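1. Predicted model and sequence follow; I will ask about them next.
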Amino acid sequence: MRVKLSQIPFVRILLPFATGIIAELYSPAHSLFFYAGIVSLLLLFLWNWRDKVKGASFPLRWVNGALTAIFLFSSGYCLTLLRTPSESKIYVGNMHGEGRDSMLVTLVSIPQEKQRTVKATGEITGIIKNGKITKSTGRALFYLQKDSASGKLNYGDELLVCSQLKEIEPPSNPDEFDYKSYLQTQGINYECYVPSYYYSLAGYEGSDALLRFANNSRKKLSDLLHEKISGNEADIASAILLGYREDLSRSVVQSFVDSGVVHVICVAGLHVGIIFLLLSYIIVFPAKFKHGKLMSVLLILTLLWLYALFTGLATPVLRATIMFSFFTIGKHFRKYTNTVNTLAASAFIMLLFNPFSIADSGFQLSYLAVLGIVLIYKPLLSIFNPANVIVRKIWELVSVSISAQVAVFPLSLLYFHQFPNYFIITNILVVPLLSIIIFTGVFFFLVSWMGPLANAVGWMLQKLLLFMNSIVSGVSHLPYSAAKGISISPIKAILLFMLIVFVCLYFSSRRKYLFISALSILTIFLTIRTGEKIIHSRQQIMAVYNISGKSAVSFISGEHSLMPFSKIDSNDVAMHIQYNWWKLGVKDNFNIHSDTDAILFSGRLMIQKQFVQFNNCRVAFIKQNADVPTVSNKVNLHCIVVSGSYGMDILSLKNAFNFDTIIFDSSVPEYKLKKWEVECKELDLHYYNVKVQGAYIENC
């Protein structure tokens, strides 16, 4: 069915509005677009007045659209600028001092217990100076020392805190996850460690009463699940039913990611849809009621939004709740609602309230997944029409899974660098089971006050969760469960999106030019990929990575890496180095001990004791005092890598070696760094501090 532009007005509104938001996030120009918005709005009024006086001119109809687009673009830009915390005059970043500050802080997240601290997001509502409170705005991550007092804190509590705000550090290794940018999309720019006795509870009503009630109730329901259900199943239940994922272990999350059903533990459209179906079947007023249908609609909408509230108002939940609300209202008033337009309307509303959502990967993936289902599901479903009911239902699940995966495929590779190979199998098994778990979970909450019945339902819920976890874990441990190590650039992700669009359009219309376009895009993609492979095969790189308290040096030759003199584990690699290796096309890594003499990489790299010759680069690794030779003739080197266990001065190194650069790796403690940096300046030596300056990367 062909869709008319008049049926999707919100798509035409959303595109320039979202483009304006993106423009401000990545290319701020401040007041320019503020004036552009005012001028375009004025011209729009004048143009519409002209059309009323003289009559609309069909050849010039584009003028109205162009002015509207400019106004929407400028509106998106200005809205993002106004919502940027640092643009406010009372932003805490412009008010706090270099030392400790006294602050009024309202907790706007459920406090989360860590190993040694209690972590919570806090809204800084005031700075106290000279006994006076100055109003402020801005958020920070607060790490409160774990004790009996911090364990009793709840969402909405107001604290008086005396501590020092610190800017969140950007990633110090290439291609490492940018935690700073991720937090900035949530309005968080600072972090703060607060010891015991440096904070006190100032009140209980520092936030919106409804949100405080919902979040505290959510915490109590999570505690109830943990009381009746044990092990990982309790954490999974909290994630599925309440959107409370903080307690999930990394291994559990990874198993869901590898098996292609991570959306199951992220409350989103699927969960809201199941709740909506449940409510639609239960809430049906008899026909004899005068306004029975209207009462049903209002009650369904109320309960749907209460569910969204109790799950933390996450972006995917809001999107789905808005969509189902529009669908319910449209169905009640018997109005035709185009699903794509409804999707665009929900995105526009969400961006209107929080323009920074557009930079959130969850926001992007959830909307793309739904868009893929809307556009691809029915054409894909029509390919195969089995007579058997069970086979038909299975094919419907397969079609939904493929539609969603195709739509999010480029972004999944861009953000997560992997693809779940068995996602069809796990979705067929897990999605129907998820519906049963949600129904059972809702029933469990309703009967939680009935002792024996609550225990019985809790036991049943645990067995269902155990069964699901067994399926997910089993699939994730199958050979080749996930294709990992796939690294693509944003340009290649865009090309993949274009390829998917043209392929889908070709199969729907069989137009020859669409096939040629798809083939051309594929050729460009493969050409870029081939060029990268050639570059990777020729690369010769020395990298000293920043891993706190550890020495991590990698020599990369082609698609291979060697890490001599490094003592790091797989977790360190996964968190700090892996993404960079994937981007560089590194397929394998070798570790050797410091007492090994070897020649590797086809003669490009030679190791002898603490010395390394890598192509034309000669490097000495100074781990201890004995690594400094006492001979009179100086050893000529390109650079020296010094570790924390070395205890002599820098003059000893200068007397033993001729070198260009001295590199202090991240195992060097702060007091030694300060001392050695002073000595380097006095001796006029070029030095590089990995802890402060980030990873040291050099082509050899």
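-> Cool, the structure landed. This structure is a prediction, so every number in the text was calculated from the model and none was measured.
2. and the longest strand for the protein?
-> strand 117-129 (DSSP state E).
3. Show me what it is packed up against.
-> The criterion is 3 or more C-beta pairs under 8 Å, 6 or more residues apart in numbering; DSSP states H and E, and the helices and strands that strand 117-129 contacts are strand 101-107, strand 112-113, strand 132-135, strand 139-145, strand 158-163. Yep, even glycine has a C-beta here, placed from its N, CA and C like the rest.
4. Go through that strand and flag the buried ones.
-> 117, 118, 119, 120, 121, 122, 123, 124, 125, 126, 127 (16 or more other C-beta atoms under 10 Å).
5. Also stretch 320-334?
-> Applying 16+ other C-beta under 10 Å to stretch 320-334 flags 320, 321, 322, 323, 324, 325, 326, 328 as buried.
6. Just give me how far that stretch sits from the chain centre.
-> 29 Å (C-alpha atoms, centre = their mean, to the nearest Å).
7. Would you mind pulling the contact partners of that stretch?
-> For stretch 320-334, the external contacting residues (C-beta atoms under 8 Å, 6 or more residues apart in numbering) are 268-269, 271-273, 276, 293-294, 297, 300-301, 304-305, 307-308, 336-337, 342-343, 345-346, 349-350, 366, 370.
8. Can you select the buried ones from those in ChimeraX?
-> In ChimeraX syntax, the buried subset of those is picked out as below (16+ other C-beta under 10 Å):
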select :268,269,271,272,276,297,300,301,304,305,307,308,337,342,343,345,346,350,366,370
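9. residue ranges with poor pLDDT in the stretch 501-650 of the chain?
-> 592-596, 632 (pLDDT under 70).
10. Try it again at 50.
-> Counting by pLDDT under 50, not a single residue of the stretch 501-650 of the chain qualifies.
11. thinking again about what came up before, can you give me how far the longest strand of the chain is from the chain middle?
-> Distance of strand 117-129 from the chain centroid (C-alpha atoms, centre = their mean) equals 23 Å.
12. and the angle from it to strand 158-163?
-> 80 degrees (axes from the mean of the first three to the mean of the last three C-alpha atoms, to 10 degrees).
13. Burial check on the residue lying closest to residue 475 once chain neighbours are set aside, number of neighbours?
-> Leaving aside its sequence neighbours, residue 475 sits nearest to residue 259 (C-beta to C-beta, 6 or more residues apart in numbering; 4.2 Å). Number of residues near residue 259 (other C-beta atoms under 10 Å) recorded here: 28.
14. Tell me who's in contact with residue 259.
-> Residues counted as contacts of residue 259 (C-beta under 8 Å, 6+ apart) are 420, 422, 423, 426, 471, 472, 475, 476, 481, 482.
15. Show me which pair in those is furthest apart.
-> Pairwise distances across the contacts of residue 259 peak at 15.6 Å for 471 and 482 (criterion: C-beta to C-beta).
16. These two - which one has more neighbours?
-> Neighbour count, other C-beta under 10 Å: between residue 471 and residue 482, residue 482 has more, with 21 against 17.
17. Can you tell me the closest non-neighbouring residue to the more buried one?
-> Nearest non-adjacent residue to residue 482, counting by C-beta to C-beta, 6+ apart: residue 258, 4.3 Å away.
18. quick one: contacts for the one you found?
-> Applying C-beta under 8 Å, 6+ apart, we find residue 258 in contact with 418, 420, 475, 476, 481, 482.
19. Likewise for residue 364?
-> In this structure, residue 364 makes contact with 358, 411, judged by C-beta under 8 Å, 6+ apart.
20. if you set the cut-off to 10 Å instead, what comes out?
-> 315, 357, 358, 408, 411, 414, 415 (C-beta atoms under 10 Å, 6 or more residues apart in numbering).
21. Output these in a markdown table; the columns should cover neighbour count and distance to residue 245.
-> Putting the contacts of residue 364 into a markdown table (neighbours: other C-beta atoms under 10 Å; distance: C-beta to C-beta, whole Å) gives the following:
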| residue | neighbour count | distance to residue 245 |
| --- | --- | --- |
| 315 | 17 | 14 |
| 357 | 20 | 18 |
| 358 | 21 | 22 |
| 408 | 21 | 19 |
| 411 | 19 | 20 |
| 414 | 19 | 22 |
| 415 | 15 | 17 |
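22. Next one: residue 116 relative to residue 195, how far apart?
-> Using C-beta to C-beta, to the nearest Å, residue 116 is found at 11 Å from residue 195.
23. Report the set of residues contacting both of those two.
-> Counting by C-beta under 10 Å, 6+ apart, the common neighbours of residue 116 and residue 195 are 143, 145.
24. between these two, who's got more neighbours?
-> When neighbours are counted by other C-beta under 10 Å, residue 195 comes out ahead of the other of residue 116 and residue 195, with 13 against 8.
25. Pull up the per-residue confidence for that one.
-> Looking at residue 195, its pLDDT is 89.
26. Could you verify my assumption that it touches residue 163?
-> Yes - applying C-beta atoms under 10 Å, one finds residue 195 in contact with residue 163, separated by 7.7 Å.
27. and the residue nearest to residue 72 when sequence neighbours are not counted, helix, strand or coil?
-> Distances taken as C-beta to C-beta, 6+ apart place residue 16 nearest to residue 72, at 4.1 Å, with adjacent residues excluded. Following DSSP: H, G, I helix; E, B strand; the rest coil, the label given to residue 16 is helix.
28. Can we start the residue count at 24 from this point?
-> Okay, residue one is now 24; in that scheme the one you just asked about reads as residue 39.
29. Provide a list of residues in contact with residue 39.
-> Listed by C-beta under 10 Å, 6+ apart, the contact set of residue 39 reads 88, 89, 91, 92, 93, 94, 95, 96, 97, 98, 99.
30. can you check residue 287 too?
-> By C-beta under 10 Å, 6+ apart, the neighbours of residue 287 are 259, 262-263, 279, 293-294, 449-450, 453-454, 456-457, 460, 491, 495.
31. Buried residues, the helix or strand hosting residue 93. List them.
-> Counting by DSSP states H and E, the element that carries residue 93 is helix 84-106. Buried residues in helix 84-106, counting neighbours by 16+ other C-beta under 10 Å, are found at 90-104, 106.
32. pLDDT of stretch 123-140, averaged?
-> Regarding stretch 123-140, the rounded mean pLDDT is 86.
33. Quick check: end-to-end length of it?
-> Stretch 123-140 has an end-to-end distance of 19 Å (criterion: C-alpha to C-alpha, to the nearest Å).
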